[in-house]
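Colleague: Pasted the sequence and its predicted model underneath.
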Amino acid sequence: MRAVAAVARAAGAPLVLEEIELDDPRDDEILVAIAACGVCHTDAKARDGYGGVRFPVVLGHEGAGTVVEVGSSVRSLVPGDRVLLVSDFCGRCPRCRAGDTAYCDEGPLRTFGAVRPDGTSRARRGDEAIRASFFGQSAFATHALASERNALKVAPYADLSLLAATTCGMVTGAGAVLDVLTVTPGTRLAVLGAGTVGLAAVMAAAAAGAEAVVAVDRIPSRLDLARRLGATDVVDTGRHGDLATALLERTGGCDAVLDTTGIGRLQQAAVEALAVRGTLGIVGGGDGDGVVLARLMTGGKSVRGIIQGDATGTLGLEALLRLHAAGRFPFEALVRTYPFAAVNEAIGDGLAGTTVKAVLTF
């Protein structure tokens with residue numbers, strides 16, 4: 001299958017639209033005609049070399065489209081099915097068998113390795129191998145190979161250009177709040193960073209009936225959006241130099257804080273703002289100046305790293321779509337669509353903060 005893909009050829013360089021040739025699907029693989037793909041901050045970081053990614057590679061890990069062809073062992077999907085694609089996992093290791101697919105033993109290879117588990121590439125351009133299995137999909141392309149495991153079938157009438165926004169960052173933020181930090185009525189939560197992950201956390205906390213949901217960011221428009229989506233209060237870090245004090249004044253002490261920024265000084269402030277036995281959840285990588293471990297002992301505080309919202313296969317995504325269908329997760333307020341050819345613009349707007357959730361349409 002010939003496809004047009006946005007190929008990353010060197011760290012930091014713009015993606016280039018090129019024609020590539022995809023393999024035929026193997027027994028457990030499916031070929032998907034991509035209709036839309038969300039643009040995640042992880043794509044931008046990988047473009048710049050994060051995660052040990054090797055070039056040339058096709059990025060994109062929030063694909064949505066229509067199944068074109070299936071391998072001989074695929075049973076749950078047929079050509080014509082519309083699907084959303086999530087991060088791939090092996091399904092066999094102890095973590096996967098326990099339902100912790102976000103922590104699959106083969107996770108690094110199946111995500112940033114962007115190759116099959118046997119090390120082979122799924123695509124080429126002439127004699128040149130192209131890594132086209134980023135997060136098990138590489139969906140910055142008109143067509144992508146995935147597996148039966150990491151595809152969720154959706155209704156024929158589903159708006160794929162909207163639902164493509166949900167499959168990574170949204171699941172991460174909502175899962176962190178609902179399944180890891182276990183926000184319930186009465187919980188006092190702060191969310192550091194009002195991007196896709198942070199705003200998903202705000203919406204999930206509001207849906208769970210949290211007593212206080214404080215959104216923290218430096219972009220006023222995002223804080224305004226957080227209020228509209230359920231935040232009870234906000235902190236503009238451009239105006240408040242002492243974040244810990246600002247959070248304590250608004251909550252009396254946070255039962256939980258979710259950090260989506262990876263900024264060490266903000267993580268330190270979050271620990272200071274935690275109530276007794278409070279938990280800081282971290283979904284963003286650190287900048288080398290993070291939590292002072294000795295400060296956790298007083299008050300019995302804890303820090304929890306979270307990947308993909310502790311996802312179990314496609315179950316977290318299914319739960320999120322049910323919340324949306326019930327009108328309790330209005331994520332469409334975050335989405336802005338771009339034509340596929342504007343992929344570099346979409347990445348740039350996300351990094352600049354002018355777009356919360358970019359979605360490429362094909």
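Modeller: Thanks, I have it. Model, not experiment: these values are computed from the prediction.

Colleague: what about the stretch 201-350 of the chain, any weak spots by pLDDT?
Modeller: For the stretch 201-350 of the chain, applying pLDDT under 70 flags the ranges 285-288, 290.

Colleague: Would you map the strands across it?
Modeller: Secondary structure of the stretch 201-350 of the chain (DSSP state E, counting those that start in this stretch): strands located at 212-217, 233-236, 254-259, 274-282, 302-305, 335-339.

Colleague: Any idea which of those strands gets closest to residue 124?
Modeller: Of all these, strand 335-339 sits nearest to residue 124, with 25.9 Å by Cβ to Cβ. For every residue, glycine as well, the C-beta is placed using N, CA and C.

Colleague: Just give the strands next to that closest one in its sheet, each with its orientation.
Modeller: Looking at strand 335-339 with DSSP bridges, its partner strands are strand 357-361 (parallel).

Colleague: Can you tell me who residue 123 pairs with across the strands?
Modeller: With DSSP bridges as the rule, residue 123 is bridged to residue 22, residue 130.

Colleague: what's the neighbour count on it?
Modeller: By other Cβ atoms under 10 Å, 27 other residues sit near residue 123.

Colleague: can you tell me which residues contact it?
Modeller: By Cβ atoms under 8 Å, 6 or more residues apart in numbering, the residues touching residue 123 are 3, 5, 20, 21, 22, 23, 58, 129, 130, 131, 132, 138.

Colleague: could the residues you listed go into a markdown table alongside pLDDT and distance to residue 211?
Modeller: A markdown table is the format used below for those (pLDDT from 0 to 100; distance: Cβ to Cβ, whole Å):
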| residue | pLDDT | distance to residue 211 |
| --- | --- | --- |
| 3 | 98 | 49 |
| 5 | 98 | 47 |
| 20 | 98 | 51 |
| 21 | 98 | 55 |
| 22 | 98 | 50 |
| 23 | 97 | 52 |
| 58 | 98 | 44 |
| 129 | 98 | 53 |
| 130 | 98 | 50 |
| 131 | 98 | 46 |
| 132 | 98 | 46 |
| 138 | 98 | 42 |
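
Colleague: Would you mind giving the strands of the stretch 201-350 of the chain as TSV with distance to residue 43 added?
Modeller: Below are the strands of the stretch 201-350 of the chain laid out as TSV (distance: least, Cβ to Cβ, whole Å):
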stretch	distance to residue 43
strand 212-217	21
strand 233-236	27
strand 254-259	20
strand 274-282	20
strand 302-305	21
strand 335-339	13
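
Colleague: between the ones you listed, which gets nearest to residue 36?
Modeller: Among the strands of the stretch 201-350 of the chain, strand 335-339 sits nearest to residue 36 (Cβ to Cβ), with 7.7 Å.

Colleague: Look up how far residue 292 lies from residue 271.
Modeller: With distances taken as Cβ to Cβ, to the nearest Å, residue 271 is found 7 Å from residue 292.

Colleague: The two - which one has more neighbours?
Modeller: For residue 271 versus residue 292, neighbours defined as other Cβ under 10 Å are more numerous around residue 271 (23 against 12).

Colleague: Could you report the neighbour count for residue 315?
Modeller: 16.

Colleague: And residue 238, by the same measure?
Modeller: Close neighbours of residue 238, defined as other Cβ under 10 Å, add up to 10.

Colleague: I'd like the distance between it and residue 246.
Modeller: Applying Cβ to Cβ, the value for residue 238 to residue 246 is 12 Å.

Colleague: Narrow the contacts of residue 123 to just the buried residues.
Modeller: Neighbour counting over the contacts of residue 123 (16 or more other Cβ atoms under 10 Å) leaves 3, 5, 20, 22, 23, 58, 130, 131, 132, 138 as the buried ones.

Colleague: Would you reformat these as a markdown table and include distance to residue 154?
Modeller: What follows is these, written out as a markdown table (distance: Cβ to Cβ, whole Å):
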| residue | distance to residue 154 |
| --- | --- |
| 3 | 22 |
| 5 | 24 |
| 20 | 27 |
| 22 | 23 |
| 23 | 25 |
| 58 | 23 |
| 130 | 28 |
| 131 | 27 |
| 132 | 23 |
| 138 | 20 |
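
Colleague: ok, back up a step: select, out of the strands of the stretch 201-350 of the chain, the one closest to residue 194.
Modeller: Proximity to residue 194 (Cβ to Cβ) singles out strand 212-217 among the strands of the stretch 201-350 of the chain, at 3.9 Å.

Colleague: what does the domain assignment say about the chain?
Modeller: 2-164+330-361, 170-308 (automatic domain parsing).

Colleague: Out of the ones you listed, which is closest to residue 322?
Modeller: For the domains of the chain, the distance to residue 322 is smallest for domain 170-308, at 10.7 Å, taking Cβ to Cβ.

Colleague: so the residue nearest to residue 18 when sequence neighbours are not counted bridges to which residues?
Modeller: Among residues not flanking residue 18 along the chain, residue 7 sits closest, at 4.9 Å (Cβ to Cβ, 6 or more residues apart in numbering). Beta bridges link residue 7 to residue 16, residue 58 when assigned by DSSP bridges.

Colleague: Brilliant, that's me finished.
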